[in-house]
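1. sharing a sequence plus its predicted fold:
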Amino acid sequence: MPIAADLFYFLHKSKNSKRPPLILIHGAGGNYLSWSPQIRRMDAGAIYALDLSGHGRSSGAGRRSIDEYADDVIAFMRALDISAAFIAGVSMGGAIALTLALKYTDKVLGLALLGAGAKMRVAATILETVGNADTFAPAVELINQNCFSAKAPPSLLELSKRQMMEMRPQILLNDFLACNEFNAITQLPRVLTPTLLICGAEDQMTPVKYSQFLRDAIPNARLQIIENAGHLVMLEKPDIVAELLKDFIDKIAANKNIYLDADKR
């Protein structure tokens, strides 16, 4: 079982393995399986899908802040001698990725934020119930329902719920507390890394307006809205997301300044 800096990771290497790697960061209550096989096994160099502390197969008790999770990713990169990488994160993972681009600019070659926001306030109902063993199951049910579009297959919802139910309530609560305290609004103009924003048109957790705000505030950002998809867009529309990510990485690899003068769309 591959472990680096106490984090479990899934690694796929394609024929473009000489290219800088892509690191995938899951969201609150997730693990490396939050990224579909179509994305984890893209032909885009070495792809690392992590289990954050206390999640999936990683040991530890999780973290209480986005900054701490970001520091863990840097420790992971140092342990594997990864000098710089493309970073993709969903939801809380997006907040971690954004923090990496702000705190460790030279480590991030390209930034992909899925269902993310500059500020991620969490409903009081979730914060009041998700950390309690007696109310954990209905809280997970509510969260899971809000993570998918109306057209998501029931089997996908059931699988997502089952994975989240394996979380320790306190770790999931800490994830949401970290999200609730995250606020990078005033720092966004400092993010000069080429940035791809992906959002499901039916995202209820971080609605499209959150991604539109990021697009308008980050100098080198472009936004792709995916129809018939919710918050976990990479699970509902894995082929589309994989194509967008690969195209994004390919263009940066060909010309690292590809988006510097591009019009935002």
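-> Alright, I've got the coordinates.
2. what's the local residue count around the nearest residue to T99 once chain neighbours are set aside?
-> Distance criterion Cβ to Cβ, 6 or more residues apart in numbering; nearest residue to T99, sequence neighbours excluded, is A70 at 4.1 Å. From N, CA and C alone the C-beta is placed, and that goes for glycine too. The burial count assigned to A70 is 24, neighbours taken as other Cβ atoms under 10 Å.
3. equivalent analysis for D134, please.
-> Neighbours of D134 (other Cβ under 10 Å): 8.
4. just V140 next, same as before
-> The tally of other residues near V140 (other Cβ under 10 Å) stands at 23.
5. isn't it up against S160?
-> No: using Cβ atoms under 8 Å, V140 is not in contact with S160, being 9.4 Å away.
6. can I assume L22 is in contact with D43?
-> No: the pair L22 and D43 does not pass the contact test of Cβ under 8 Å, sitting 11.1 Å apart.
7. quick one, which of the two is more surrounded?
-> Shown here are L22 and D43; by other Cβ under 10 Å, L22 has more neighbours (26 against 12).
8. how close does A28 sit to E158?
-> A28 sits 19 Å away from E158, taking Cβ to Cβ, to the nearest Å as the criterion.
9. what of N255?
-> For N255, the distance to E158 equals 43 Å [Cβ to Cβ].
10. shaky segments in the stretch 151-265 of the chain?
-> For the stretch 151-265 of the chain, residues meeting the criterion pLDDT under 70 lie at 256-265.
11. how about the helices in it?
-> 154-165, 169-181, 208-217, 233-236, 238-254 (DSSP state H, counting those that start in this stretch).
12. name the element L142 belongs to?
-> helix 136-145 (DSSP states H and E).
13. backbone dihedrals for the residue located most distally from the centre of the chain, please?
-> Most distant from the centre of the chain: D134, at 28.7 Å, with distances by Cα atoms, centre = their mean. Main-chain dihedrals, D134, degrees, to the nearest 10: phi -70, psi -30.
14. so what pLDDT did it get?
-> Here the pLDDT value assigned to D134 is 95.
15. and it, how far is that from E128?
-> To E128, D134 is 12 Å away according to Cβ to Cβ.
16. gap between the residue farthest from the centre of the chain and N31?
-> From D134 across to N31, the span is 24 Å (Cβ to Cβ).
17. what about I47, which helix or strand?
-> strand 46-50.
18. got the contact list for that strand?
-> With contact meaning Cβ atoms under 8 Å, 6 or more residues apart in numbering, strand 46-50 is reached by 7-14, 17, 19, 21-26, 32, 35, 39-41, 58, 73, 76, 80, 85.
19. which of these count as buried?
-> Burial by neighbour count, judged by 16 or more other Cβ atoms under 10 Å, picks out 7-10, 12, 19, 21-26, 32, 35, 39-41, 58, 73, 76, 80, 85 from the contacts of strand 46-50.
20. pLDDT weak spots in the stretch 1-150 of the chain?
-> 16-17.
21. where along it do the helices fall?
-> Applying DSSP H, counting those that start in this stretch to the stretch 1-150 of the chain gives helices spanning 37-40, 66-79, 92-103, 124-129, 136-145.
22. can you put those in TSV and add distance to K237?
-> As requested, the helices of the stretch 1-150 of the chain are arranged in TSV below (distance: least, Cβ to Cβ, whole Å):
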stretch	distance to K237
helix 37-40	10
helix 66-79	25
helix 92-103	17
helix 124-129	25
helix 136-145	18
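23. deepest of the ones you listed, which one?
-> When you average the neighbours per residue for each of those (mean count of other Cβ atoms under 10 Å), helix 92-103 leads with a mean of 26.
24. and it, how far from the chain's centre?
-> Offset of helix 92-103 from its chain centre (Cα atoms, centre = their mean, to the nearest Å): 9 Å.
25. which residues are contacting that helix?
-> Residues from elsewhere that reach helix 92-103, judged by Cβ under 8 Å, 6+ apart: 24-28, 30, 66-67, 69-70, 73-74, 87-89, 107-108, 111-118, 120, 175, 178-179, 182, 184, 187, 190-191, 193, 195.
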